[in-house]
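> could you look at this predicted model? Sequence included:
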Amino acid sequence: MSISTKPQSSRLIQAIPFFYGWVILAVGTLGIIMIGPSQTFTVAVFIDSFINDLNISRSNISLIYGLATLGASLMLPATGRLVDRYGPRRMVLLVAFAFGLATISMAFVQDIATIFMALLALRFLGFGSLQLVSNNVIAQWFIQRRGLVMGLAGLSLAAGFTIFPALAEYLIGQLTWRGAWVMLGLLVWGVMLPVGWLFFRDKPELYGLLPDGLHPPAEGHHHFSTPPPATSVDRPKFSEENWTLAEARQTGAFWLFLVALSSLTMLVGGLVFHHLSLFEVRGLSRELAVNTFNTIAFFSIVGNLAMGRLLDKFSARRLTALTLLLLAAAMILVQLMATSGQAFLYGALLGLISGSFRVIDAVIWAKYFGRLHLGSIRGAAMIGIVGGTALGAYPLGLSLDYLGSYEPALTALLVLPLSSSLVTFFIKPPLKKKL
């Protein structure tokens, strides 16, 4: 473990009368909100425009979106390695600039090839890279209260759900769908470039601080770039064990969590992508389906805050298993719902699941594998997690197109959350081999 030289000076951090990690939480959360133009719920607003103006079928645009998301996930380890090397502050500026450019490029698509390339860049730079950088910078500043702060950061999901679909719909009405993409790209630049430059900071140890606002070592002691190791008896609460990506990949916990979280994003992504159609086949109105998005947004807040507190007190693996069981219940309910009350319950379950997932994914990798190589580890994990969102919509669409119902696919896919929940419940925390 390396020992740092003299801590860097920051007038901004010195001017803040409280722990600067809370500023990092605020700006990191804003960064996650600003991935909104790349989120499925925003892109969905433009689907009819793509179909009508570009003469692309609904099934083809669904497949293109899935392939673009899968391709984006394969490139994320590169972002993770760059974050570890250059730090979140530098990377947020690079990523935000490129993400704004990718968003604007959506205004100039003409055919299948150009829309694939634009969606690939949009998903990689927004949903993937900007989210990774923003989560990473928050995780660097908190250990003991990481569950709580990631729960607060996870409120970004509800904020994005509330802001961006409505904003996109308004901009389309005012500027056409191409003009709407230009304005969304300018919004990304206008918010994230100044915020990233002014407020993002790398790990607290660089400034003579410790995570969670704990007091640094007394003057004259060595200043560690990460907290020093300690025995199980005298280990301070901010201590952690750091794993490299190669070491993490050798543990069963890494792969089991990856499969569990990837299954979750796959199935939730499919349900959200076909949300309106799932209501239609059950004889429920489009208005009710749209209103249910508000229910999802509200309960995602509940899920975020509750899971954030629970992760600070209870086993992450068991809470992950519980979330997967809730997903299985939602998949059954969506096949049976026939009243507005049942639709409300389905939306509440989907919101709890979405909110809980955000916090689990943000916390679990740092909690099990430490912060030192967090960018590389999360970047590798996001191949499956982001890639999972690419796979959920297509089997449901095929089931409806060729079998006349969503039920065959939903019933078959139940094996994923049920088996993942069972296995995840019994994951043992990884232990490093002693040299």
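On my side now, so go ahead. Numbering: from 1, shown residues only.
> mean confidence for stretch 21-31?
Stretch 21-31 shows a mean pLDDT of 92 in the predicted model.
> show me how this protein divides into domains.
Structural domains of the chain, as assigned by automatic domain parsing, span the residue ranges 11-207, 240-425.
> quick one: closest of the ones you listed to residue 214.
Each of the domains of the chain was checked against residue 214 via CB to CB, and the shortest separation belongs to domain 11-207, namely 7.8 Å. The C-beta positions use only the backbone N, C-alpha and C, and glycine is treated the same way.
> end-to-end on that closest one?
As for domain 11-207, its first-to-last residue distance stands at 11 Å under the measure CA to CA, to the nearest Å.
> equivalent analysis for stretch 278-287, please.
Criterion CA to CA; first-to-last residue distance in stretch 278-287 is 13 Å.
> what does it contact?
Outside of stretch 278-287, the residues that reach it under the criterion CB atoms under 8 Å, 6 or more residues apart in numbering are 271, 276, 288-289, 292, 334, 337-338, 340, 343, 400, 405-406.
> show me which of the residues you listed are buried.
Buried residues within the contacts of stretch 278-287, defined by neighbour count using 16 or more other CB atoms under 10 Å: 271, 288, 289, 292, 334, 337, 343, 400, 406.
> about what we covered before: turn the domains of the chain into TSV, columns for distance to residue 431.
Rendered in TSV, the data for the domains of the chain read as follows (distance: least, CB to CB, whole Å):
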stretch	distance to residue 431
domain 11-207	19
domain 240-425	9
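> how far is stretch 400-414 from where the chain is centred?
Taking CA atoms, centre = their mean, to the nearest Å, one finds stretch 400-414 lying 27 Å from the centre of the chain it belongs to.
> endpoints of that stretch, how far apart?
The first and last residues of stretch 400-414 sit 17 Å apart, counting by CA to CA.
> still on that earlier bit, residue 213 is nearest to which of the domains of the chain?
Using CB to CB, the nearest of the domains of the chain to residue 213 is domain 11-207, at 3.4 Å.
> just to revisit the earlier point, so which of the buried ones among the contacts of stretch 278-287 sit within helices?
Here DSSP state H is the test, and those give 271, 288, 289, 292, 343, 400 as lying in helices.
> and of the residues you listed, the nearest to residue 384?
Closest to residue 384 out of those is residue 271 (18.4 Å), distances taken as CB to CB.
> hang on, that closest one packs against residue 334?
Yes. The pair residue 271 and residue 334 passes the contact test of CB atoms under 8 Å, sitting 6.8 Å apart.
> helices and strands around the host helix or strand of residue 42, which ones?
Counting by DSSP states H and E, the secondary-structure element that holds residue 42 is helix 40-43. If contacts are counted by 3 or more CB pairs under 8 Å, 6 or more residues apart in numbering; DSSP states H and E, helix 40-43 sits against helix 155-199, helix 252-273.
> winner for burial among these?
Per-residue neighbour counts averaged over each of those give the maximum for helix 252-273, namely a mean of 22 (mean count of other CB atoms under 10 Å).
> next SSE after it?
The C-terminal neighbour of helix 252-273 among helices and strands, as given by DSSP H and E, is helix 275-281.
> and that next one, what's buried?
By neighbour count on 16+ other CB under 10 Å, the buried set for helix 275-281 is 275, 277, 278, 279.
> before we move on, what about stretch 55-73?
56, 61-66, 68-73.
> residue 349 is in contact with residue 300, correct?
No. Contact criterion CB under 8 Å: residue 300 and residue 349 do not qualify, at 11.0 Å.
> looking at these two, which is more packed in?
Comparing residue 300 with residue 349 by other CB atoms under 10 Å, the one with more neighbours is residue 300, at 29 against 22.
> what's the helix or strand for the more buried one?
According to DSSP H and E, residue 300 maps onto helix 286-311.
> for residue 148, give me its contacts.
When the contact criterion is CB under 8 Å, 6+ apart, the partners of residue 148 are 308, 309, 312.
> what helix or strand does it sit in?
Following DSSP H and E, one finds residue 148 within helix 146-153.
> keeping just the C-alphas, turn that helix into CSV.
As requested, C-alpha coordinates have been extracted for helix 146-153 and formatted as CSV (Å, rounded to 0.1, in the frame of the first residue of the first chain):
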residue,chain,number,x,y,z
ARG,A,146,-21.9,4.0,1.9
GLY,A,147,-25.3,2.2,2.0
LEU,A,148,-27.0,5.4,3.2
VAL,A,149,-25.4,7.7,0.7
MET,A,150,-25.9,5.4,-2.2
GLY,A,151,-29.6,5.2,-1.2
LEU,A,152,-29.7,9.0,-1.4
ALA,A,153,-27.9,9.0,-4.7
